[in-house]
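# Fold the following and give me the result.
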Amino acid sequence: NDGRIEMDSNLIENRIRPLTLGRKNALFAGHDEGGQSWARFASVIGTCRLNGVEPYAWLTAALEAIAGGHPKSDIDALLPWNFPKVAIIAAA
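Prediction:
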């Protein structure tokens, strides 16, 4: 009865499709620990995307900072929500 509401759910289905495919792929992780590792990785990637950060750029910078002696006491500075927004993530 409300003409402002979209009749189909294609936009939402397209947004969750990569998550659903990833979840199905995780079934073949081979071991419980493999599935948990996949879940951690997917969580980090999702956090980057939610914060508008390109995941590969963030991971590269964070690992380089850690290898370069970044202090453990300032580990929060390396989290995705504190990473500079140098690249905008296109809607998947």
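
# longest helix of the chain?
Identified as the longest helix of the chain according to DSSP state H is helix 32-50.

# Now it: average pLDDT?
Averaging pLDDT along helix 32-50 yields 79.

# Give the other helices and strands that it contacts.
Helix 32-50 sits against helix 10-26, helix 55-67, with contacts defined as 3 or more Cβ pairs under 8 Å, 6 or more residues apart in numbering; DSSP states H and E. (Each C-beta comes from the backbone N, C-alpha and C, glycine too.)

# Determine which of the ones you listed shows the lowest mean per-residue pLDDT.
helix 10-26 (a mean of 63).

# List the buried residues of the longest helix of the chain.
Trp38, Ala42, Val44, Ile45, Cys48, Arg49 (16 or more other Cβ atoms under 10 Å).

# Quickly name whichever of those residues is closest to Pro80.
Pro80 has its nearest neighbour among the buried residues of helix 32-50 in Cys48, at 4.7 Å by Cβ to Cβ.

# Surely the closest one touches Ala61?
No: with contact defined as Cβ atoms under 8 Å, Cys48 does not count as touching Ala61 (11.2 Å).

# Overlap of the contact sets of these two?
Phe83 (Cβ atoms under 8 Å, 6 or more residues apart in numbering).

# from memory Ala65 sits against Asp74, does it?
No: if you go by Cβ under 8 Å, Ala65 and Asp74 don't touch, sitting 9.6 Å apart.

# Which one of the two is surrounded by more residues?
Higher neighbour count among Ala65 and Asp74: Ala65, with 15 against 9, using other Cβ atoms under 10 Å.

# ok so, going back, how much does the longest helix of the chain deviate in direction from helix 55-67?
110 degrees (axes from the mean of the first three to the mean of the last three Cα atoms, to 10 degrees).
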